[in-house]
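K.L.:
Here's a sequence, model it:
(one chain, ligands or ions: 2)
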Amino acid sequence: MEKYKELVAKAREAMEYAYVPYSKFKVGAALLTEDDKIYTGCNVENASFGATNCAERTAIFKAVSEGVTHFKAIAIVSSSTDFTYPCGICRQVIGEFMKQGEIILENAEGEIKVYAFNDLLPHHFGQEELNK
Ligand SMILES: O=c1ccn([C@H]2C[C@H](O)[C@@H](CO)O2)c(=O)[nH]1
Ligand SMILES: [Zn+2]
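P.N.:
Ligands and ions are numbered 1, 2, ... in the order given. Here you go, the predicted model:
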């Protein structure tokens, strides 16, 4: 998984900025655009817990807010020893912009898992459904 080493490293850098006074669970994400730019994000919690934004969506919203909407891959790391999988809301948001891409997870030991988007969210509800 050599090609994803830089992406995972960027996710780890972003994780350091995680704002997590409540859960203490840091997450970092790095998004690879179709033209090989990288956007990063961390989770940002709130005293009103439901207002929390996950690292994955932070990265995606940063990119989309700059006009970039096509992605090839997203790397996700956390302060846990285990792999951290994107939550259901983030899978739905990832699917809006990255149907063919890959989701890369790294655990604390540096082991990497790569999933096709469809393996993590089969039968995705997308734009096409609204036009049927
Ligand atoms: O894939 C995930 C899973 C959880 N979180 C965040 C949300 C919250 O701040 C903390 C605990 O759920 O981790 C993410 O950012 N991404
Ligand atoms: Zn999430």
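
K.L.:
mind listing what the residue nearest to residue 7 when sequence neighbours are not counted touches?
P.N.:
Once flanking residues are discounted, residue 7 sits nearest to residue 75: 4.3 Å by CB to CB, 6 or more residues apart in numbering. C-beta here means a position set from N, CA and C on the backbone, and glycine is covered the same way. Taking CB atoms under 8 Å, 6 or more residues apart in numbering, we find residue 75 in contact with 4, 7, 8, 10, 11, 29, 30, 32, 104, 105, 106.

K.L.:
So which of those wins on neighbours?
P.N.:
Top of the contacts of residue 75 by neighbour number is residue 29, holding 32 neighbours under the definition other CB atoms under 10 Å.

K.L.:
quick one, phi/psi of that residue?
P.N.:
Main-chain dihedrals, residue 29, degrees, to the nearest 10: phi -140, psi 150.

K.L.:
So what pairs up with it in the strands?
P.N.:
In this structure, residue 29 bridges to residue 41, residue 76 when assessed by DSSP bridges.

K.L.:
Show me what from this structure comes close to ligand 1.
P.N.:
20, 23, 25, 27, 43, 45, 52, 54-56, 76, 84, 86-87, 90 (CB under 6 Å from any ligand atom).

K.L.:
Of those residues, which belong to helices?
P.N.:
55, 56, 90 (DSSP state H).

K.L.:
My read is that the second one contacts residue 85, right?
P.N.:
If I follow you right, that is residue 56. No - checked against CB atoms under 8 Å, the pair residue 56 and residue 85 is beyond contact range at 10.2 Å.

K.L.:
ok, the two, which is more surrounded?
P.N.:
More crowded of residue 56 and residue 85, by other CB under 10 Å: residue 56, with 28 against 15.

K.L.:
and that one, what is it in contact with?
P.N.:
27, 29, 41, 74, 76, 86, 90, 93, 94 are the contacts of residue 56 under CB under 8 Å, 6+ apart.
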